[in-house]
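Visitor: Next input, structure requested:
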Amino acid sequence: MMGAVATGGKSSAANSGDGGEGKPPRRTRRRMTGKERREQLVDVGRTLFAARGFEATSVEEIASKAGVSKPVVYEHFGGKEGLYAVVVDREMRQLLDMVASALTAGHPRELLEQAAFALLDYIDEYTDGFRIMVRDSPVAQSHGSFASLISDIATQVEDILGLEFKSRGFDPKLAPLYAQALVGMVALTGQWWLDVRKPKKAEVAAHLVNLAWHGLGDLEAKPRLIGHRRA
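Guide: Below is the predicted model:
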């Protein structure tokens with residue numbers, strides 16, 4: 001009698017943890033909200049576009065990586081082009097915000113340092129995003145291309161250069177030209193540095209500013225940074 005009670009008690013304890021079937025309780029998987037699914041697809045697309053490029057990435061692959069059906073991708077973005085446009089727009093805004101917030105110095109040379117560091121920091125921290133933006137655009141348009149990105153960043157420094165030109169007696173109308181030249185130099189160097197990662201970031205910034213500030217005719221043998229950043 002005692003044994004029967006003991007056995008019954010053990011069985012009851014075991015059943016209380018497994019729903020009475022001797023199996024672990026089922027965990028219900030929470031369904032993503034529309035916003036969460038959209039963000040997931042953006043993250044998946046960003047990774048695939050960076051690794052494979054726009055043309056080599058298919059809607060099927062995006063859907064498979066996200067664990068959804070193709071119609072879900074079309075429902076949120078209308079297709080691969082729509083997803084790509086969202087990814088590129090976010091990356092451009094991220095980089096432009098980094099450049100705009102970095103330009104805080106009063107000395108023009110340090111402003112050049114800050115602009116160089118802003119782009120190199122972006123390449124370092126958002127490598128996938130930069131790879132996407134320097135690839136060919138999927139459509140024949142200027143918006144969202146690497147060239148339009150360079151133009152947008154150059155606009156950020158154009159006014160600063162214009163004021164400096166005016167104070168030195170140069171024609172401020174030439175500031176846009178020099179802004180494009182300076183930003184283009186940094187961007188293309190950054191594109192090269194993306195793969196080689198040598199020399200170190202601070203040294204790359206120092207040499208870029210060295211060339212921009214002194215020109216080929218007056219380069220420093222060992223360029224130095226004057227701002228607060230040294231690495």
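Visitor: right, and residue 127 touches residue 194 too?
Guide: Yes - with contacts counted by CB atoms under 8 Å, residue 127 reaches residue 194, the gap being 6.9 Å. Where you see a C-beta, it was placed from the backbone N, CA and C, and this is true even at glycine.
Visitor: how about stretch 57-71: buried residues?
Guide: For stretch 57-71, burial by neighbour count (16 or more other CB atoms under 10 Å) applies to 57, 59, 62, 63, 65, 66, 68.
Visitor: Dump the helix or strand hosting the fifth one to PDB, keeping only the CA atoms.
Guide: Okay, so that is residue 65. Counting by DSSP states H and E, the element that carries residue 65 is helix 59-66. C-alpha atoms of helix 59-66 as PDB (Å, rounded to 0.1, in the frame of the first residue of the first chain):
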ATOM      1  CA  VAL A  59      14.500  36.900 -54.100                       C
ATOM      2  CA  GLU A  60      14.500  33.100 -53.600                       C
ATOM      3  CA  GLU A  61      17.700  33.300 -51.700                       C
ATOM      4  CA  ILE A  62      16.600  36.300 -49.600                       C
ATOM      5  CA  ALA A  63      13.400  34.500 -48.700                       C
ATOM      6  CA  SER A  64      15.200  31.300 -47.900                       C
ATOM      7  CA  LYS A  65      17.700  33.000 -45.600                       C
ATOM      8  CA  ALA A  66      14.900  34.800 -43.800                       C
END
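Visitor: neighbour count winner among residue 127 and residue 194?
Guide: Set side by side, residue 127 and residue 194 show more neighbours around residue 194, with 15 against 12, by other CB atoms under 10 Å.
Visitor: Do I have it right that the more buried one meets residue 129?
Guide: No - using CB under 8 Å as the test, residue 194 is too far from residue 129 to be in contact (11.2 Å).
Visitor: Check which helices and strands the next helix or strand after the helix holding residue 65 sits against.
Guide: Downstream of helix 59-66, the first helix or strand assigned by DSSP H and E is helix 70-77. When contacts are defined as 3 or more CB pairs under 8 Å, 6 or more residues apart in numbering; DSSP states H and E, helix 70-77 packs onto helix 34-52, helix 59-66, helix 80-102.
Visitor: Can you give the contact residues for the second one?
Guide: Helix 59-66 is touched from outside by 37, 40-41, 44-45, 47-48, 69-70, 72-74, 79-80, 83, with contacts defined as CB atoms under 8 Å, 6 or more residues apart in numbering.
Visitor: same thing but at 7 Å, please
Guide: The contact list for helix 59-66 (CB atoms under 7 Å, 6 or more residues apart in numbering) reads 40, 41, 44, 45, 48, 69, 70, 72, 73, 79, 80, 83.
Visitor: now the residues you listed: which count as buried?
Guide: Judged by 16+ other CB under 10 Å, buried ones among those: 40, 41, 44, 45, 48, 72, 73, 80, 83.
Visitor: List the buried residues for stretch 206-219?
Guide: Those would be 206, 207, 208, 209, 210, 211, 212, 213, for stretch 206-219 by 16+ other CB under 10 Å.
Visitor: number of nearby residues for the nearest residue to the last one once chain neighbours are set aside?
Guide: Once its chain neighbours are removed from consideration, residue 213 has its nearest residue in residue 109; the separation is 5.3 Å (CB to CB, 6 or more residues apart in numbering). Counted with other CB under 10 Å, the neighbours of residue 109 add up to 16.
Visitor: That'll do, ta.
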